[in-house]
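*Asks:* need a 3D model of the following:
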Amino acid sequence: FQGKSENKKTIWNTEEVPEGSEFDDTWDPREKPEYEISFKQHVGTEDVLFGMTGKDPSTACCEDIVIKIKLPETKYSDITLDIQDKVLDLRTPKKKLLLHLPYPVDSKEGRARFLSEEEVLEVTLRVSRKLDFINFS
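*Replies:* Numbering: from 1, shown residues only. All right, here's what the predicted structure looks like:
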């Protein structure tokens, strides 16, 4: 099997390396925080009552991914967050999370807020989807 490569000495193509693998450090002693992923979609009466737009409750019709990460004993200023199209990388002095996202996201349109009473970081990311009969925008 001959793969296409720019350099004859390379053993794999850059397309074969998953995005975000440069952040993966198996020797990092920091523990992985607890997290929860949920999906959010915007629906109106035309969706709920009449079913006019064809949306259903599946993740294929959701517009946003919401990730809640528990960070006990952490201050907002200690959090480093990097979002790429398919990867979320979070680092604090005690915790580290490298999360491969279930769908590609628009890394420039996300928002994050730290709920200090709950010690939770809530990250909301807009899903990047190709336009189809369900996802018009």
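*Asks:* all the helices of this protein, residue numbers only.
*Replies:* Remark: helices assigned in the chain by DSSP state H are 45-48.
*Asks:* residue nearest the centroid of it?
*Replies:* residue 101 (3.9 Å; C-alpha atoms, centre = their mean).
*Asks:* mind listing what residue 114 touches?
*Replies:* 71, 76, 79, 120-122 (C-beta atoms under 8 Å, 6 or more residues apart in numbering). Heads up, the C-betas are built off the backbone N, CA and C, glycines and all.
*Asks:* you'd agree residue 82 is up against residue 89?
*Replies:* Yes - Residue 82 lies in contact with residue 89 (C-beta atoms under 8 Å); the separation is 4.3 Å.
*Asks:* ok, the residue nearest to residue 55 when sequence neighbours are not counted to residue 86 distance?
*Replies:* Excluding the flanking residues, the one nearest residue 55 by C-beta to C-beta, 6 or more residues apart in numbering is residue 61, at 4.5 Å. Distance of residue 61 to residue 86, computed by C-beta to C-beta, to the nearest Å: 20 Å.
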